[in-house]
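S.K.: Give me coordinates for this.
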Amino acid sequence: MLEQEIEKAVKVLKEGKTILYPTDTIWGIGCDATNAKAVDKIYKIKRREKGKSMIILLDSAEKLQNYVEKVPAIVYDLIEQTQTPLTIIYQNAKNLAKNLTPEDNSIAIRIVKGEFCNEMIKRFGKPVVSTSANLSGAPSPLSFNDVAEEIVNQVDHVVHVFKDRIRSTKASKIIKLEENGLFKVIRE
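M.R.: Model prediction:
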């Protein structure tokens with residue numbers, strides 16, 4: 001079942017459509033992070049203000065350099081050392097949909113280790129948007145049953161694995177890298 005769900009999700013992403021899927025943290029809405037039309041659809045589904053950045057997911061730290069201008073060496077240590085999901089905000093995003101990044105051209109990226117997400121992204125070959133599967137301002141869904149029917153009905157594909165899994169985890173920790181190489185915690 002996992003194999004078929006990964007294949008179906010990759011097919012939907014390649015078609016420029018949206019998915020509702022279990023991330024390594026919470027249930028999320030995703031699409032090809034390089035496809036502006038697909039990103040627009042997510043803003044509409046969530047009723048989210050355009051220009052508010054969303055997180056993207058990658059399957060390996062080695063791919064970071066394809067989507068940000070400069071990856072400080074400390075990043076690789078942070079990713080390797082952290083045991084919990086970590087999202088890092090980088091300056092100077094590149095090769096992503098223009099409507100995905102705010103005016104300062106920063107982008108939040110998380111390297112996923114979860115079995116479904118990691119394999120899906122690896123096979124897709126591009127970053128995938130990951131934004132909580134909720135209407136803007138509503139609580140983030142820890143399980144599929146927490147996702148509003150309105151969201152389920154608007155995405156193009158619902159992934160059918162791990163629907164019964166209750167996540168004991170929460171949204172990822174977010175840190176922002178500063179130009180001087182230091183970082184500050186945005187969300188614990």
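
S.K.: Now stretch 74-88: average pLDDT?
M.R.: On average, the pLDDT along stretch 74-88 is 86.

S.K.: Tell me where the chain has strands.
M.R.: Using DSSP state E, the strands of the chain run over residues 19-22, 27-30, 55-58, 86-90, 107-111, 128-132, 157-158, 173-177, 183-187.

S.K.: Low-confidence regions, this structure specifically.
M.R.: 51, 165-171, 179-181 (pLDDT under 70).

S.K.: Quick check: the gap between the residue most central in space within the chain and E178.
M.R.: The C-alpha lying nearest the average C-alpha coordinate of the chain belongs to S130 (Cα atoms, centre = their mean; 2.4 Å). Distance, S130 to E178, by Cβ to Cβ, to the nearest Å: 23 Å. C-beta: built from backbone N, CA, C; applies to glycine.

S.K.: Could you double-check that I19 sits in contact with D156?
M.R.: Yes - counting by Cβ atoms under 8 Å, I19 does reach D156; the two are 6.9 Å apart.

S.K.: Which residue of these two possesses the greater neighbour count?
M.R.: I19 (25 against 16; other Cβ atoms under 10 Å).

S.K.: List the contacts of the more buried one.
M.R.: A9, V12, L13, I29, G30, C31, V155, D156, H157, V158, V159 (Cβ atoms under 8 Å, 6 or more residues apart in numbering).
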